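Visitor: I need the structure of the sequence given here:
(one chain, ligands or ions: 2)
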Amino acid sequence: MSVAAEARIAPLAVSLGDPSGIGPELIAEAWVQRTRARVPPFVAIGGVRLIASAAASRGIEVPIEPVASLAEAGAVFGRALPVLGDLDAPFRPGEPNAEGAALAFSSLQTATDLAVRGEASALVTGPIAKALLAAVGFHHPGQTEFVAQACGVTAQDAVMMLAGPQLRTIPLTVHVALARVPGLLSVDLIRRRARIAAAALTRDFGIVRPRMAIAALNPHAGESGKFGDEEVRIIAPAVEALRAEGIDATGPHPADALFAPHERRSYDAALCMYHDQALIPLKALDFDSGVNVTLGLPIVRTSPDHGTAFAIAGTGRANAGATIAALRMAGECAARRAAHG
Ligand SMILES: NC(=O)c1ccc[n+]([C@@H]2O[C@H](COP(=O)([O-])OP(=O)(O)OC[C@H]3O[C@@H](n4cnc5c(N)ncnc54)[C@H](O)[C@@H]3O)[C@@H](O)[C@H]2O)c1
Ligand SMILES: N[C@H](C(=O)O)[C@H](O)COP(=O)(O)O
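Guide: Ligands and ions are numbered 1, 2, ... in the order given. Model (predicted):
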């Protein structure tokens, strides 16, 4: 998608994430790198004081301008980092507390509303600590499910995808204990999520006929039932049904070889059975440019692949690559939707 096409979209709404984590300083860093890294215009939801202090801790100077609207943010972005709203907190790196979690929640709510109302062209969420947010009334496993609900989409139909330059992976089950995974797998779940993912890869990523590789659950894809029967009972029938409806699905593939370089060339996205099966290869290959994108929503939503990294907040060691990649991917997907509907 061209820079000209992205220039025509409204600014992205960016939530702060936990104010004691690395989110606010990476917002500042992304603004500093906006021209070189071709970051589309965005507005931070709150944090005038917070972002200024977080930027100072990295040794970067960022002019910050409070704005009253998204239109104003677009006009300001070239000369200053626009901030909308008066949410704020002092910067206490590595010292998360309930007040900060409440601020992160409010910023997320406002940013999501702006995207749902169509005022922002996309939503980019900063990293939050799920346990801390739960303590202040956030009753969702993660931001994915919160955003889905705000869009009127069931959590089942909001599909998490991790995307980097070398790989795209989709965890079929996400924030659940590993012991529960086999009981959650079904032909219907695989088909439903694979369909949503295939449609989104076409609509948002321009891949005309996405190739979906479906991973096995057990070692050696179960070795003909010797090490587990989920492949025979669930995954193979799901692949067959997907192929019958015209989706280019293959599998079940033994997961140990699926992410080898020669295998990665054979598919556009790997559908994985559980969180770490999908996220370990992605983060091993593309940690500093990995994006968490939610497929199947009426809005575009992305996030950096990393978490709050409290231990390095304010030290200047946090890499801004994944935040920049999340902003760029959100801008590209929004521009593609604006161009093609
Ligand atoms: N996008 C999100 O909202 C998101 C994603 C993952 C984890 N989390 C949350 O973050 C918290 C911490 O989780 P975690 O420790 O498993 O993951 P983490 O990504 O915060 O940290 C994992 C490791 O990577 C390092 N790291 C992370 N981001 C980095 C960056 N940009 N540059 C350099 N190093 C970086 C950290 O210092 C740490 O060593 C948890 O509460 C979890 O719920 C949030
Ligand atoms: N599992 C995700 C990751 O590590 O990137 C992460 O926890 C974010 O999930 P939400 O976007 O649903 O908060």
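
Visitor: so how many other residues sit close to the residue of the chain found nearest ligand 2?
Guide: For the chain, the residue closest to ligand 2 is Gly142, as judged by C-beta to the nearest ligand atom, at 2.5 Å. (Each C-beta comes from the backbone N, C-alpha and C, glycine too.) Neighbour count of Gly142, defined by other C-beta atoms under 10 Å: 21.

Visitor: pLDDT wise, what is the residue nearest to it when sequence neighbours are not counted at?
Guide: Closest residue to Gly142 apart from its sequence neighbours, by C-beta to C-beta, 6 or more residues apart in numbering: His175 at 5.5 Å. You'll see His175 listed with a pLDDT of 93.

Visitor: please apply the same query to Arg8.
Guide: 77.

Visitor: OK, contacts around it?
Guide: Residues near Arg8 by C-beta atoms under 8 Å, 6 or more residues apart in numbering: 335, 338.

Visitor: gap between it and Gly331?
Guide: 11 Å (C-beta to C-beta, to the nearest Å).

Visitor: what does Gly94 give?
Guide: In terms of C-beta to C-beta, Gly94 sits 31 Å off from Gly331.

Visitor: and the strands in this protein?
Guide: Using DSSP state E, the strands found in the chain span residues 12-14, 42-45, 64-67, 81-84, 123-124, 159-163, 168-171, 211-215, 248-253, 269-272, 291-295, 301-304.

Visitor: would you mind pulling up the elements that the fourth one packs against?
Guide: Using 3 or more C-beta pairs under 8 Å, 6 or more residues apart in numbering; DSSP states H and E as the contact definition, the elements that strand 81-84 packs against are helix 23-32, strand 42-45, helix 48-57, strand 64-67, helix 70-76.

Visitor: partners of that strand in the sheet?
Guide: Strand pairing for strand 81-84, determined by DSSP bridges: strand 42-45 (parallel), strand 64-67 (parallel).

Visitor: export those strands to TSV and tack on mean neighbour count, distance to Pro237 and mean pLDDT?
Guide: Listed next are the strands paired with strand 81-84 as TSV, based on neighbours: other C-beta atoms under 10 Å; distance: least, C-beta to C-beta, whole Å; pLDDT from 0 to 100:
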stretch	mean neighbour count	distance to Pro237	mean pLDDT
strand 42-45	28	44	98
strand 64-67	17	53	98
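
Visitor: now those strands as a markdown table including distance to Pro19?
Guide: Shown next, in a markdown table, are the strands paired with strand 81-84 (distance: least, C-beta to C-beta, whole Å):
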| stretch | distance to Pro19 |
| --- | --- |
| strand 42-45 | 12 |
| strand 64-67 | 15 |
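
Visitor: hmm, Thr250 is touching Pro210, no?
Guide: No: using C-beta atoms under 8 Å, Thr250 is not in contact with Pro210, being 11.7 Å away.

Visitor: gap between the spatially closest residue to Leu327 that is not a sequence neighbour and Asp204?
Guide: Counting by C-beta to C-beta, 6+ apart, the nearest residue to Leu327 once its immediate chain neighbours are dropped is Val39, at 5.0 Å. Distance of Val39 to Asp204, given as C-beta to C-beta: 18 Å.

Visitor: same question for Ala148.
Guide: For Ala148 relative to Asp204 (C-beta to C-beta), the value is 16 Å.

Visitor: show me where pLDDT drops low in the stretch 151-300 of the chain?
Guide: The stretch 151-300 of the chain contains no residues with pLDDT under 70.

Visitor: residues contacting Ala334?
Guide: Going by C-beta under 8 Å, 6+ apart, the list of residues near Ala334 reads 6, 9, 12, 40, 121-122, 300.

Visitor: the closest residue to Ala236 other than its chain neighbours: what's it in contact with?
Guide: Closest residue in space to Ala236, ignoring its immediate chain neighbours: Pro252 at 6.0 Å, by C-beta to C-beta, 6+ apart. The contact partners of Pro252, by C-beta under 8 Å, 6+ apart, come to 214-217, 221-222, 231, 235-236, 239.

Visitor: with Val136 instead?
Guide: So Val136 contacts 98, 101-102, 105 (C-beta under 8 Å, 6+ apart).

Visitor: from those, which two are the most distant?
Guide: Largest separation among these by C-beta to C-beta: Ala98 and Phe105, giving 10.3 Å.

Visitor: which of those two has more neighbours?
Guide: Phe105 (20 against 11).

Visitor: and the gap between the more buried one and Ser57?
Guide: On the measure of C-beta to C-beta, Phe105 and Ser57 end up 23 Å apart.

Visitor: one more: Arg243?
Guide: 53 Å.

Visitor: returning to what we had before: which of Thr250 and Pro210 has more neighbours?
Guide: Set Thr250 next to Pro210 and count neighbours by other C-beta under 10 Å: Pro210 wins out with 20 against 14.

Visitor: against Ala111, how distant is the more buried one?
Guide: Here the criterion is C-beta to C-beta. By it, Pro210 lies 29 Å from Ala111.

Visitor: Ala98 is in contact with Ala135, isn't it?
Guide: Yes: contact criterion C-beta under 8 Å: Ala98 and Ala135 qualify, at 6.1 Å.

Visitor: count the residues that sit near Ala104.
Guide: 33.

Visitor: try the one 3 residues further on
Guide: Applying other C-beta under 10 Å, we find 31 other residues in the vicinity of Ser107.
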